[in-house]
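S.K.: Give me coordinates for this.
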Amino acid sequence: MDERDAIQSVGEILSEFLKSGPQPDDPRKTGDRVLAIVEAAIVNPEESTQRYKERCDDFLERTIKEKGLPKRQVGSVRWDEVTVRSERKQVSKKLKFPRSQLLLQHNACVENYRQQSKLYLEGEMNEFRDMLWRFLQRVPMGGCSDKTAKRGVTEIRNTFRDLTKWERLFSTIKAGSFPAAIRRTYDLNGNPLAAIWRYSPLDEQGEFRNVYSHRHLDGRVYCVRNNWAFEKALMNAGPDGYIDEIVQPGEDFDCMCAYQWIYSLRDLPEPMLTESGRTELRRTRILVGKMLKETQDIGEEIAVERKAESFSSETKLSECELQMLRDATGGGLFRRLIGWFGRGRP
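M.R.: Numbering: from 1, shown residues only. Model (predicted):
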């Protein structure tokens, strides 16, 4: 039985029940008949998960092939064939391609889809059952021809029609979850120190707005485990913990939140810095101040490069200090200075 025939059959069963009225045990039996038709007509979560997995398989295959992040059509459950050249260039030049991590993200996204599709459909079915039961309970003995009662049949049919489209809605909203997970994998390979959770007010418009709320997460800072600053005891995890201990932005259904990545010590909250981290930051500021003071005409690049070359040969900079110099300076000329420091390291 296709969807249209199923909807028509439900309408006929309920119209007949409304016309003749309930007999002993009729509400329960009629309800069971209707629910059996509904459950047979809609896609179950396992079927939907398998289709999602197939799309993720295709997306992962092209990601591995191109070593970059393919584009996704917004609002579509399909991904096109276009590859972002800048993404591929970034991965090939700066990052080691995280194949094993992508496979883990793939499996996690599929399992997340399976669990949340079950929760979503269960919630929709519970609302449908409640509506159906209220209708059956209101029909008096001997039947009813009231127009208000007839509108109840129409409402149930319309709700059933919406239920047949649940997978289209759910999979469209979840379509971006796997590309977002891949993007997050690339971001983590860029060696961030932490991430700030940025709440989106669009969450309040989601289908699950009464099930979860991310408003309280806004502004929380989560440490990236085993980053370079953490290994050098320059920072600690802080009160919010680690990024791998929480549900990621976009994993909850219809979540529109995002991460703001932190790459420098100076952008970390004070409680996340250790005493060694504060000392290194002060030391870096002194080095930068000395560099700027001794360079009188910073607008002339040749003079700057000569000064940087001289300064780098006199100053012994550790890898940590070089990283913090990058944090504390900006602009093309200053990046050239840092390059000179790197050349002058023993």
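
S.K.: how about residue 193, what does it touch?
M.R.: For residue 193, the contacting residues are 223, 224, 227, 228, 229, 230, 235, 262, 263, 264, 265, 268, by Cβ atoms under 8 Å, 6 or more residues apart in numbering. Any C-beta I mention is one placed from the backbone N, CA and C, and that applies to glycine too.

S.K.: what number of residues lie near the third one?
M.R.: Residue 227: 18 surrounding residues under other Cβ atoms under 10 Å.

S.K.: again, but for the fifth one
M.R.: For residue 229, the tally of surrounding residues (other Cβ under 10 Å) stands at 27.

S.K.: that older thread, can you flag the buried ones in the contacts of residue 193?
M.R.: The neighbour-count test (16 or more other Cβ atoms under 10 Å) applied to those identifies 223, 224, 227, 229, 230, 235, 262, 265, 268 as buried.

S.K.: mind listing what the last one touches?
M.R.: Under the criterion of Cβ under 8 Å, 6+ apart, the contact list for residue 268 reads 193, 194, 221, 235, 262, 277.

S.K.: Roughly how far does it sit from residue 217?
M.R.: From residue 268 across to residue 217, the span is 18 Å (Cβ to Cβ, to the nearest Å).

S.K.: just the first one next, same as before
M.R.: Residue 223 sits 15 Å away from residue 217, taking Cβ to Cβ as the criterion.

S.K.: and which of the contacts of residue 268 is nearest to residue 253?
M.R.: Each of those was scored against residue 253 by Cβ to Cβ, and residue 221 proved nearest at 24.9 Å.

S.K.: tell me the phi and psi of that closest one?
M.R.: Backbone torsions of residue 221, given as degrees, to the nearest 10, read phi -120, psi 120.

S.K.: Any figure for the gap between the residue nearest the centre of the chain and residue 9?
M.R.: Averaging the C-alpha coordinates of the chain gives a centre point, and the residue nearest to it by Cα atoms, centre = their mean is residue 250 (2.5 Å). Distance, residue 250 to residue 9, by Cβ to Cβ: 39 Å.

S.K.: Then residue 40?
M.R.: The value you get for residue 40 to residue 9, if Cβ to Cβ is used, is 10 Å.

S.K.: These two: who's more crowded?
M.R.: Neighbour tally, residue 40 and residue 9, criterion other Cβ under 10 Å: the higher count belongs to residue 9, 16 against 10.

S.K.: So which residues of this protein form helices?
M.R.: Secondary structure of the chain (DSSP state H): helices at 3-20, 26-41, 45-66, 85-94, 99-138, 147-163, 166-174, 177-189, 228-231, 275-294, 301-314, 319-328, 332-344.

S.K.: Would you mind putting the CA coordinates of the shortest one into PDB?
M.R.: This points to helix 228-231. Taking Å, rounded to 0.1, in the frame of the first residue of the first chain, the C-alpha atoms of helix 228-231 are listed here in PDB:
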ATOM      1  CA  TRP A 228      51.400  21.900  22.400                       C
ATOM      2  CA  ALA A 229      50.800  24.400  25.200                       C
ATOM      3  CA  PHE A 230      49.200  21.700  27.400                       C
ATOM      4  CA  GLU A 231      52.200  19.400  26.900                       C
END
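
S.K.: Quick one: mean pLDDT for it?
M.R.: Predicted confidence along helix 228-231 averages 90 (mean pLDDT).

S.K.: same check, this time on the first one
M.R.: Over the span of helix 3-20, the pLDDT mean works out to 88.

S.K.: which of the residues in it are buried?
M.R.: Using 16+ other Cβ under 10 Å as the burial criterion, the residues of helix 3-20 that qualify are 6, 7, 9, 10, 11, 13, 14, 17, 18.

S.K.: now stretch 234-245
M.R.: Neighbour counts using 16+ other Cβ under 10 Å place 234, 235, 237, 238, 240, 243 of stretch 234-245 among the buried residues.

S.K.: How about stretch 180-198?
M.R.: In terms of neighbour count (16+ other Cβ under 10 Å), stretch 180-198 has its buried residues at 180-182, 184-186, 188-189, 192-198.

S.K.: For the residue nearest to residue 155 when sequence neighbours are not counted, give me its contacts.
M.R.: Sequence neighbours aside, residue 131 is the residue nearest to residue 155 in space, at 7.0 Å (criterion: Cβ to Cβ, 6 or more residues apart in numbering). If a contact means Cβ under 8 Å, 6+ apart, then residue 131 has 155, 156, 159 as its contacts.
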